[in-house]
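Q: the sequence and its predicted three-dimensional model are supplied below.
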Amino acid sequence: MVACVTPEEARFKPPTGAWSILEIINHLADEEVDDFRRRLELILRDPALPWPPIDPEGVAAARQYNQQDLDESVDRFMRQRAESVRWLRSLGRVDWAAEHAHPTAGPISTGDLLASWAAHDALHLRQIAKRLHELAGRDAPGFQTAYAGQWGP
């Protein structure tokens, strides 16, 4: 989705302050390591183990996501995703019903976490598509993009 995006376009943030494409990609790379893969491993090891806290907004600022190199960020995500797939394939039989008692979300099973991992990707792909849509409008001053179709929820 971002093969033709320039570094400037990757850093574009809409007036709403929503994340840039570059921030989204770096978030996805970190989520591979710090969230989904790590938490799934913890449930499989012992569902009662506490999960380390995560702060996506704080991490984005602290790790300066929007200052990173686009190609290196995409490569980092792809490497981490490949590692996640290798790890998942190595698991063998998994109890997909094993649950972690999350303090605010309630019980989360291994199956819930795996399904959420895939859904998380889809949400961020939609977010990247929205940034691309916004860039098309930004880069066509004086012209309308309505013929492309309305951006829906």
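A: Alright, I've got the coordinates. Keep in mind that what you see is a predicted model, and the values were worked out from it rather than measured. Residues are numbered from 1 along each chain as shown.
Q: so where do the helices sit in the protein?
A: Remark: helices assigned in the chain by DSSP state H are 7-11, 21-31, 37-45, 56-62, 70-90, 110-138.
Q: which positions within the fourth one qualify as buried?
A: Judged by neighbour count (16 or more other CB atoms under 10 Å), helix 56-62 contains these buried residues: residue 60. For glycine as for every other residue, the C-beta is placed from the backbone atoms N, C-alpha and C.
Q: and it, average pLDDT?
A: Averaged across helix 56-62, pLDDT comes to 96.
Q: show residues contacting that helix.
A: 19, 23, 26, 27, 30, 31, 34, 66 (CB atoms under 8 Å, 6 or more residues apart in numbering).
Q: 10 Å instead?
A: Helix 56-62 is contacted by residues 19-20, 22-24, 26-27, 30-31, 34-35, 55, 65-66 when judged by CB atoms under 10 Å, 6 or more residues apart in numbering.
Q: now swap in the fifth one and tell me
A: With CB under 10 Å, 6+ apart as the contact definition, helix 70-90 has outside contacts at 1-3, 5-11, 21-34, 36-37, 40-41, 65, 68-69, 94, 114, 117, 121.
Q: of the residues you listed, grab the buried ones for PyMOL.
A: Buried subset of the contacts of helix 70-90, written as a PyMOL selection, criterion 16+ other CB under 10 Å:
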select buried, resi 2+5+9+10+11+21+22+23+24+25+26+27+28+29+30+31+32+36+37+40+65+68+117
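Q: ok so, going back, of all the contacts of helix 56-62, which comes closest to residue 128?
A: residue 24 (5.7 Å; CB to CB).
Q: now do the closest one against residue 63, distance only.
A: The gap separating residue 24 from residue 63 is 13 Å, by CB to CB, to the nearest Å.
Q: what of residue 35?
A: With distances taken as CB to CB, residue 35 is found 14 Å from residue 63.
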